[in-house]
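**Student:** Build me a model from this:
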Amino acid sequence: MPHPASGSSSAAQGRSWLKACCGLLAGLVFASSAMAAPPAHAKRPKRATPPAATSSAVSAAVPVPARAPPPAPAPLTSAAELDLERFMGLWYKVAKVDEPQDALRTRERYEFLQRYDGGVRVIATSYDPLTNRWDRRQDYMAPVDPKGAALSSHYQLRMPVHFSISRFGPFGVSYYVVALDPYYQWAMVSGPGPQSFSILSRRSDLEPELRSSLEQLANRMQLLKAPLRWPGPDQETPPR
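**Tutor:** A predicted model of the protein is given here:
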């Protein structure tokens, strides 16, 4: 039969061994949890900035250079010769410096028709606001030399071209084509009055840029004796 003292000591040793095992197990659990969790003082990594936000921030910080203004249009130039056949057809008077008796006329247009003898038949149409009616007249003109003699060639004419209009019987009046678009889209003419000047165009309405360029050309050539007027576009068909 065992001694009571030896049994109690064995129980005590068993309890001590059990406590040691529990302590060892708790230490292992704490160590593993400490290794898995980041330290409290460690900084969290910064979140990456999205590419869109980065580009917008850079564009806001760097000023965008202003766009360069469009280049100015090249100055208009006049053709060196007038081909009478290409000059024929319908022209609108889009700008003018007129004699007082013709200043109020609007919707002016000219139709040039070549004759068999080399001359030109002119059908002029305009609207008179004072009488509230359309006026239509026909003239005949022929190219002449500086002395007024008829030219032998009626097709390729050196600029400026001098025409003689026989509106008033045998006494002709002068009419000059002083500048001409190389593509026959506009023309500058002076006469038949001493102060008369007009710009003809194949179209009744022109862009502001082209108007400005035509007026600059007229000023460079010293063709204007008074301010140039630009009537409204001709949008009404005259009666036949």
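**Student:** Helices of this structure, start to end?
**Tutor:** With helices called from DSSP state H, the chain shows them at 4-36, 51-61, 84-87, 208-220.
**Student:** Let me see the domain layout of the protein.
**Tutor:** For the chain, automatic domain parsing gives the domain ranges 1-33, 81-220.
**Student:** Give me the packing partners of the top strand by length along the chain, helices and strands only.
**Tutor:** Identified as the longest strand of the chain according to DSSP state E is strand 133-144. In terms of contacts (3 or more C-beta pairs under 8 Å, 6 or more residues apart in numbering; DSSP states H and E), strand 133-144 is packed against strand 120-128, strand 161-168. To be clear about C-beta, it is placed using only N, CA and C from the backbone, and glycine gets the same treatment.
**Student:** Output the longest one in CSV, but only the C-alpha positions, please.
**Tutor:** Taking C-alpha atoms only, strand 120-128 is exported to CSV below (Å, rounded to 0.1, in the frame of the first residue of the first chain):
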residue,chain,number,x,y,z
VAL,A,120,-20.2,93.6,-126.2
ARG,A,121,-23.9,94.1,-125.6
VAL,A,122,-24.6,95.1,-122.0
ILE,A,123,-28.0,94.5,-120.4
ALA,A,124,-28.1,96.5,-117.2
THR,A,125,-30.9,95.9,-114.6
SER,A,126,-31.5,97.8,-111.3
TYR,A,127,-34.2,98.7,-108.9
ASP,A,128,-35.1,102.3,-108.2
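**Student:** Contacts made by that strand with the rest, please.
**Tutor:** 84, 88, 104-115, 133-142, 163, 165, 236, 238 (C-beta atoms under 8 Å, 6 or more residues apart in numbering).
**Student:** let's see it at 6 Å
**Tutor:** 105-115, 134-141, 238 (C-beta atoms under 6 Å, 6 or more residues apart in numbering).
**Student:** check contacts around residue 159.
**Tutor:** Applying C-beta under 6 Å, 6+ apart, the residues near residue 159 are residue 80.
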